[in-house]
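J.: 3D, please:
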Amino acid sequence: MKILLAAASLLMIGSVCRAQKFQPKDTWPYLIKDFTEGKVYTPDGKEILSSELNISVVKGTLNYIENGTIIAADMRRVSNVVIGDRKFINVMGRMMEVLASSGSGHVLKDVQVDMDEMGKTNIGYGISSATASSQSVTTLMDGMSDMVNLNLSDAVTRSKEGTVIPVKEDLYLKYGAATVPAFKKDVLDIQGLDKAAAEGFFKSQKIKWKDPQSLIKVVDYIAENN
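T.: Numbering: from 1, shown residues only. This next block holds a predicted model:
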């Protein structure tokens, strides 16, 4: 019985470890744990790069590997990116992940450093919440984003140390060339949208404002009624 309980405990510990979500650090401020094979496309669908890719949670920009070195992509040429089985779209210079899509648009997720949380906790480099200032936080942000031009193996070695940085996830609705935060208030403020009719649609469809599959219905509604 003791052996069985021990084995079960080990299995549970293993499951928990596997379930733990990757967390960016000040020494590795990236969305993905490892640089991963992917492809980069222009707005007209032309593939311009195939490499190991990752996305900075500090700037939202795309980095890639060239000859073992981390390089910053020219965001003016980047439109869509596929990293592994995940797709991203460039919205105003930030790479946002596609959570749901339809013929009308997309539901997107933007992951970035949570500045409010950084001010509440020990944010590393000997700076505590009591002494943190906008200037010191800005300095930290610059340091965290300074992975570009580093040798990848050196950067990976550095990533074994460091402090976890807090991040926040924001959802957006993209329809055509426009993008709006995925909040009812922001949608109702869209110029040309009938607020009463939209409210009725949200209620009839029981829209859940944190559920991408529910939100894609809102994207379709905006595209059809705006």
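
J.: G38 - how many residues pack around it?
T.: Here the number of neighbours of G38 (other Cβ atoms under 10 Å) works out to 23. C-betas here are computed from N, CA, C, even on glycine.

J.: list the pairing partners of the helix or strand it falls within within its sheet, with orientation.
T.: According to DSSP states H and E, G38 maps onto strand 36-41. Each strand that pairs with strand 36-41, with its direction, by DSSP bridges: strand 47-55 (antiparallel), strand 80-83 (antiparallel).

J.: pull the residues that contact the longest one.
T.: Okay, so that is strand 47-55. Residues lying outside strand 47-55 but in contact with it, judged by Cβ atoms under 8 Å, 6 or more residues apart in numbering, are 30-32, 34-42, 61-66, 73, 77, 81, 83, 88, 95.

J.: just stretch 186-199 next, same as before
T.: By Cβ under 8 Å, 6+ apart, the surrounding residues in contact with stretch 186-199 are 173, 180, 218, 221-222, 225-226.

J.: change it to 7 Å
T.: Outside of stretch 186-199, the residues that reach it under the criterion Cβ atoms under 7 Å, 6 or more residues apart in numbering are 180, 218, 222, 225-226.

J.: stretch 61-81 now?
T.: Here stretch 61-81 makes contact (Cβ under 7 Å, 6+ apart) with 35, 38, 40-43, 48-49, 51-56, 87-90, 93, 95, 147-153, 155.

J.: go again with 6 Å.
T.: Defining contact as Cβ atoms under 6 Å, 6 or more residues apart in numbering, one finds that stretch 61-81 is touched by 35, 40-43, 51-55, 88-90, 93, 95, 147-148, 150-152.

J.: could you do stretch 155-165 as well?
T.: The contact list for stretch 155-165, computed with Cβ under 6 Å, 6+ apart, reads 23-28, 113, 124, 147.

J.: and those, which are buried?
T.: Buried members of the contacts of stretch 155-165, scored by 16 or more other Cβ atoms under 10 Å, are 24-28, 113, 124, 147.

J.: re earlier: can you lay out the strands paired with strand 36-41 as CSV showing mean neighbour count and mean pLDDT?
T.: What follows is these, written out as CSV (neighbours: other Cβ atoms under 10 Å; pLDDT from 0 to 100):
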stretch, mean neighbour count, mean pLDDT
strand 47-55, 18, 97
strand 80-83, 20, 98
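
J.: nearest to M118, out of the ones you listed?
T.: The closest of the strands paired with strand 36-41 to M118 is strand 47-55. By Cβ to Cβ, the value is 19.1 Å.

J.: what angle do the following helix or strand past that closest one and strand 47-55 make?
T.: Tracing the chain C-terminally past strand 47-55 and defining elements by DSSP H and E, one meets strand 62-66 next. For the pair strand 62-66 and strand 47-55, the angle between their directions (axes from the mean of the first three to the mean of the last three Cα atoms, to 10 degrees) equals 110 degrees.

J.: what average pLDDT does the helix or strand just after strand 62-66 get?
T.: The helix or strand immediately downstream of strand 62-66 is strand 69-72, counting by DSSP H and E. For strand 69-72, mean pLDDT rounds to 97.
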